[in-house]
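> the following block contains a protein sequence and its predicted model.
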Amino acid sequence: MKNILTKWLWMPLALILVVSIMVPVIAQDLLILEKKINITANNERLDQFLKRLSQEAGCIFSYSPSAIDVTKNVSGVFSNQPLREVLENVFTGEVEIKQKGVYVILSPKPSPNNEVVVSGYVVDENTGKGIRNVTVYDPITLKSSNTDEFGFFELTVKNPSLDEIKLVINKKDYSDTLVVKNKKNPFQKILLKTSEVDFGEVGKAVAKPMKDFWFWTKNSVGFTNLENVSDTIHRNFQMSLLPFVGTNRKLSGNVVNDYSLNILGGFSGGTNKLELGGWFNLNKGNVQFVQMAGLFNQVGGSVKGVQVAGLANGSLGNVEAVQMAGLINFTTGNVNGVQMAGLLNIATKEVEGVQMAGLANYSHRNLEGTQISGLLNVGRNIRGTQIGLINYADSIKGVPIGLISFVRKGYHQVEVGADEVLPINISLKTGTRSFYNMIFAGVRPEMADSTTWAFGYGVGTSPRLGKKLFLNLEVSSSQLIKGNVEALNLVNKAYVGLEYQIVKGFGIYLGPSLNWRVYDSSFTRHPDLFTYSNPPIRNENSLPTNNISSQLWIGGRAGLRFF
């Protein structure tokens, strides 16, 4: 038992010991070509120079003397330069350099046919240190590469024109650089200058919501290129399978396309004419004329034309278009057109047009047009119409139509009064004078086991007749009960009256009403219709089926109004 425990205790210690020995060796192997070298040569034979260089770098050079001319002389002062750069300068780019363990293998480069491998270091001009994550790309083919932690890059350029290779070098916070390389020596150290801060642009770059949307790309090459490259590239057509996997490669976020086809999804700088996506379309910039996706469209700029998605459309700029989505339309800019969604439309700025949604519409600022929803409409300053179960507006020049409409700078009144049926009625009216909703309840105080009361709903309009005089036209319906609701007993009322405002926020009202009661005649416990008044019943009918009867009479209302 003791031997087994000893064995299990020594195994982790042995593993730690092996790892502690191997990690520095592996790390050293990986850094050989990046090891900084200080060496001088003056007409020294190449083989002698390589021997001294191997001692300085701590490596072994492997090459064939029959393939590489080791009798030529080397001259130069190499100060604090990576081993790779020293070798590139000594062999003037004619030798391939590869590392395997502590061996550095040197072999002649094959004759270039239709492609050239270019490489080099990108360093900070002020510090001389290599810059990581610099974007290096060919502006013709859009083939790109990013520098490693030492500032080194390698890029294969196909079909280079003539004898020159043009590369664009971009890095955030550095000046953009165009490099022209000779095909005969495609290795070069590239110096980047820190760009001067343009304070006029600082405010524009405070928020980059489009980049935040792609949180999963923050460590990707595509996101690095998006950060670095400020140029806009144009292409007539692109096709992609997924973002950064397509004809525009890892520079797709900087390319504006006329036509774009994304089999599953794609990411581009913008679209000029048509974009189709099986699942989704993502654009950093503007989109026009048609954008369609099976799931969603997301645009970092403005949309002009038609935007259609099975689930959602989003735009961080203005929308001059028709947005149609199965669930949600969202924009942080102005809307001039139509938003149609199965669930929700959201506009955080001005809206001029129509918002239609199955559930709700929201306009954070002014709206000129119409909001139509199954449940809720919310707007600020509205010139037009709201149609929904519940409507809210800060102010409105138009008509809100719904079960409850509340306008903050609109019509709000509390009414206390009496009619021929109930001596105490309280009503809340909200909306606008052109169209308002009423929620009310009434009670008849009496000594009885159960109280007679009523609750109901109505709508009305109140045009101005004079400075303090208003006309009221209202229709309403209330359920008259004693105790609990047990049977149909509706009192439907059409009211025409006058309101006189004595002072601001306080007035009186009165007027006649036409009343039509519809009730279940088979129920015997209905409350008495009249107790302190006795208007004559003008008409009384009974339907032979369903035990439904009706009564018609003329009554009146009067009382006080506040606010």
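Noted; the coordinates are in hand.
> show the contacting residues for the residue lying closest to Ile404 once chain neighbours are set aside.
If the residues on either side of it in the chain are set aside, Ile404 comes closest to Ile390, at 5.1 Å by C-beta to C-beta, 6 or more residues apart in numbering. (C-beta placed from N, C-alpha, C; glycine too.) The neighbours of Ile390, taking C-beta atoms under 8 Å, 6 or more residues apart in numbering as the test, are Leu375, Leu376, Asn377, Gly402, Leu403, Ile404, Ser405, Phe406.
> could you flag which of those are buried?
Leu376, Asn377, Gly402, Ile404, Ser405, Phe406 (16 or more other C-beta atoms under 10 Å).
> among those residues, which one sits closest to Asn272?
Here the nearest of the buried ones among the contacts of Ile390 to Asn272, counting by C-beta to C-beta, is Asn377; it sits at 35.0 Å.
> what sits opposite the closest one in the beta ladder?
Beta-bridge pairing of Asn377 under DSSP bridges involves Asn361, Asn391.
> before we move on, back to that, and of the contacts of Ile390, the nearest to Thr348?
Asn377 (15.7 Å).
> next one: the closest one from Glu350, what distance?
With distances taken as C-beta to C-beta, to the nearest Å, Asn377 is found 16 Å from Glu350.
> over to Gly507?
37 Å.
> which of these two has more neighbours?
Gly507 (21 against 18; other C-beta atoms under 10 Å).
> the more buried one against Gly497, yeah?
No: the criterion here is C-beta atoms under 8 Å, and Gly507 misses it with Gly497 at 11.5 Å.
> which residues touch the helix or strand in which Glu85 is found?
Element membership for Glu85 (DSSP states H and E) is helix 83-91. Contacts to helix 83-91, defined as C-beta under 8 Å, 6+ apart, come from residues 32-35, 37, 39, 46, 49, 53, 57, 59, 74, 76, 78, 81, 95, 97, 104, 106, 119, 121, 152, 187, 189.
> would you put the C-alpha positions of that helix in CSV?
C-alpha atoms of helix 83-91 as CSV (Å, rounded to 0.1, in the frame of the first residue of the first chain):
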residue,chain,number,x,y,z
LEU,A,83,17.6,36.2,-37.7
ARG,A,84,15.0,35.9,-40.4
GLU,A,85,15.7,39.5,-41.5
VAL,A,86,19.4,39.0,-41.6
LEU,A,87,19.1,35.9,-43.8
GLU,A,88,16.6,37.6,-46.1
ASN,A,89,19.1,40.5,-46.6
VAL,A,90,22.1,38.2,-47.1
PHE,A,91,20.3,36.0,-49.6
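> off-centre distance for that helix?
49 Å (C-alpha atoms, centre = their mean, to the nearest Å).
> report the mean confidence score over that helix.
In this model, helix 83-91 carries a mean pLDDT of 90.
> check stretch 47-65 too.
Per-residue scores along stretch 47-65 average to 92.
> then it to PDB, C-alphas only?
Listed next in PDB are the C-alpha coordinates belonging to stretch 47-65 (Å, rounded to 0.1, in the frame of the first residue of the first chain):
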ATOM      1  CA  ASP A  47      29.900  29.600 -45.300                       C
ATOM      2  CA  GLN A  48      32.200  31.200 -42.700                       C
ATOM      3  CA  PHE A  49      29.500  33.800 -42.000                       C
ATOM      4  CA  LEU A  50      26.800  31.200 -41.500                       C
ATOM      5  CA  LYS A  51      29.000  29.400 -39.100                       C
ATOM      6  CA  ARG A  52      29.500  32.500 -36.900                       C
ATOM      7  CA  LEU A  53      25.800  33.300 -37.400                       C
ATOM      8  CA  SER A  54      24.700  29.900 -36.100                       C
ATOM      9  CA  GLN A  55      26.800  30.400 -32.900                       C
ATOM     10  CA  GLU A  56      25.200  33.800 -32.400                       C
ATOM     11  CA  ALA A  57      21.700  32.600 -33.000                       C
ATOM     12  CA  GLY A  58      22.100  29.200 -31.200                       C
ATOM     13  CA  CYS A  59      20.900  27.200 -34.200                       C
ATOM     14  CA  ILE A  60      22.200  24.800 -36.900                       C
ATOM     15  CA  PHE A  61      21.900  25.800 -40.600                       C
ATOM     16  CA  SER A  62      21.000  23.000 -43.000                       C
ATOM     17  CA  TYR A  63      21.700  23.500 -46.700                       C
ATOM     18  CA  SER A  64      23.300  21.900 -49.700                       C
ATOM     19  CA  PRO A  65      26.600  23.600 -50.800                       C
END
